[in-house]
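**Q** starting from these lines, generate the structure:
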Amino acid sequence: MANTERAVLIQAAKRFGTPVYVYNQEKIEDQCKKLKKYFPYITFHYAVKANANPQVLRIIRAQGFGAEGVSGGELAAASAAGFKAKDLSFTCSNLKEDELRDAAASGARVHLDSLKQLETWGRLQLGSEVSLRLNQGIGAGHHKHVITGGPDSKFGIGLSDISEARQIAVRHGLQITGLQQHIGSNALDESVLLKAAVRLLKTAAQFENVSHIDFGGGLGVPYKPTEAPLDLASFSKALVTHVRAFREKQGRDVEFAMEPGRFLVAEAGSLLVSVTDMKETSRHQFVGVDSGFNHLLRPALYASYHPIENLSRTKGKKGSFSIAGNVCESGDVFATDREMFVPEVGDVLAIRNAGAYGFSMASRYNLRTPPKEILMTKEGKSKDVSFDSAEFAR
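**A** So this is what the prediction gives:
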C-alpha cells in the first residue's frame, strides 16, 4: 500500500472512528475505464447489489454506465442516483406479481427468469417485447453459493424449455427480443466466460427478433496473493471475433451488454477496524477487533480471503495472527494464521478488497450499528457518504 493511501486511511479512522468503510473514487473510475477500453462494443450495467452507496452509483453513472438491479429497491436507488430508465436492467427470480408490475413500470429492461414469469408477464399485458434469462448449463464462481448457472442453479430458463417459452410468447402476442445469462460471481478464467458467451450467441441465433444480448456479470478480481487478474485483453480479443461474426451472419444490428459489479468496486473498498483485544490459545494468537461478520459477511459465508494490513505499523517484528470479530459466533473470524506486523490494542487494521458485498450485505445482528461509509476522493480527501438503505428497501 502506498504511503499516501495509508495516511489517508489512518486519518479517516481517526476522524470517523472504526469500524468504517472507505471507498477509493479513483480506483472505481480506473476499473470503469478498463472495461470501456477493452470492450468498446459492450454496453455496461453496473450490478447495484455489489455496492448500492448513492455516491458510488453516481461515480459509476458519470463514467457512462447503466445499472442492473435485482429488486425494486435497487432500481429506486439507481434512479435516485441519476440513472435513466433506458439505462436500467432488471434481473431476479421468484417475484410477486406486484414486483413484476413495478419492474415493468420502471422502464428497465426486464429479463424474465422462468416460464411462470413469462406467462404472468403476458397475462398482465406488461409489454409486447420480452427478454429471457437463460440457464445454458454453464456455471462458475468463487464458491458454490454464487454459481448461478448449471444444473444446480435456481436461476434461468433451461435450453430444454425454450420451445415452451416460444409457445407462451406466441399465445400472448409477445416478441422475444432479448436474451441474458449470468453464470456466477468472480470468475478469473476468461475461457469459461468466453465459453458461456459463445453458447449464448449460438442460442440467440435461433431467435429471429433478438436485438439485445446480455452476457451477464462475473468478471472477477484477485483476492489472494496467488491469484492472477482476469486477462481482459485476451477475453475481449476472443469475444469480439464471435460478436462480429454473429452480427454479420444475422445481418442486423444487435446490442451487447454485460453486468459488472464486483469488478468495479471490490478493490476500491477497505473496512477499517481497530484492535480491541489480544488472546493466545494453544493453537492461535487471536487479534480481537471492533467489527464482525455483521459488517463483512463474506469470510463467514463463503470462507472468502481478504488481504489484511496493519496500517499502524510498517516495520518491526512480524507474527502469525487470527483476526476475530466481536460477534457472539464462533464463525466470526476474518482470517486465520495471517502474517502481519505484531499489532497492539488500538492499532488500525485494513481489511482490503471489501468494496463489493461488504456494506451491502451488512446487518444489525447483535444490535450493533452498521459502519459509516467514507469516500476518498481523487484529491485525497475523505468525506462521509453514509446513507440509510432503509430509504430504498421495499
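**Q** what about the strands in the stretch 101-250 of the chain?
**A** 109-112, 129-135, 157-158, 175-180, 212-214 (DSSP state E, counting those that start in this stretch).
**Q** pick the most deeply packed of those.
**A** Of all the strands of the stretch 101-250 of the chain, strand 109-112 carries the top mean neighbour count, a mean of 28, counting by mean count of other C-beta atoms under 10 Å. (C-beta placed from N, C-alpha, C; glycine too.)
**Q** just the CA trace of that strand, in CSV.
**A** Provided in CSV are the C-alpha atoms of strand 109-112 (Å, rounded to 0.1, in the frame of the first residue of the first chain):
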residue,chain,number,x,y,z
ARG,A,109,-35.2,-4.0,-19.5
VAL,A,110,-36.6,-6.9,-17.5
HIS,A,111,-35.0,-10.3,-18.0
LEU,A,112,-37.7,-12.9,-17.2
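**Q** what mean pLDDT does stretch 72-89 have?
**A** Averaged across stretch 72-89, pLDDT comes to 97.
**Q** ends of it, what's the gap?
**A** By C-alpha to C-alpha, to the nearest Å, the extent of stretch 72-89 from end to end equals 11 Å.
**Q** on that earlier part again, okay, the strands of the stretch 101-250 of the chain in a markdown table with mean pLDDT and distance to residue 102 next?
**A** Output for those, formatted as a markdown table (pLDDT from 0 to 100; distance: least, C-beta to C-beta, whole Å):
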| stretch | mean pLDDT | distance to residue 102 |
| --- | --- | --- |
| strand 109-112 | 97 | 10 |
| strand 129-135 | 94 | 16 |
| strand 157-158 | 90 | 22 |
| strand 175-180 | 97 | 19 |
| strand 212-214 | 97 | 21 |
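**Q** columns distance to residue 275 on top of those, output as TSV?
**A** Listed next are those as TSV, based on distance: least, C-beta to C-beta, whole Å:
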stretch	distance to residue 275
strand 109-112	45
strand 129-135	45
strand 157-158	50
strand 175-180	45
strand 212-214	45
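**Q** closest one to residue 24 among these?
**A** The closest of these to residue 24 is strand 212-214. By C-beta to C-beta, the value is 28.3 Å.
**Q** so what touches that closest one?
**A** Counting contacts by C-beta atoms under 8 Å, 6 or more residues apart in numbering, the residues outside strand 212-214 that touch it are 45, 89, 109, 111, 131, 177-181, 200-201, 204, 254-259.
**Q** what does stretch 223-233 give?
**A** Stretch 223-233 is contacted from outside by 34-35, 38-39, 142, 187-188, 190, 219-222, 263, 266, 304-307, 353, using C-beta under 8 Å, 6+ apart.
**Q** so which of those residues are in helices?
**A** 34-35, 38, 190, 263 (DSSP state H).
**Q** make a markdown table out of the residues you listed and add pLDDT, neighbour count and distance to residue 209.
**A** Formatted as a markdown table, these follow (pLDDT from 0 to 100; neighbours: other C-beta atoms under 10 Å; distance: C-beta to C-beta, whole Å):
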| residue | pLDDT | neighbour count | distance to residue 209 |
| --- | --- | --- | --- |
| 34 | 97 | 18 | 33 |
| 35 | 97 | 20 | 28 |
| 38 | 97 | 18 | 29 |
| 190 | 90 | 21 | 30 |
| 263 | 97 | 25 | 31 |
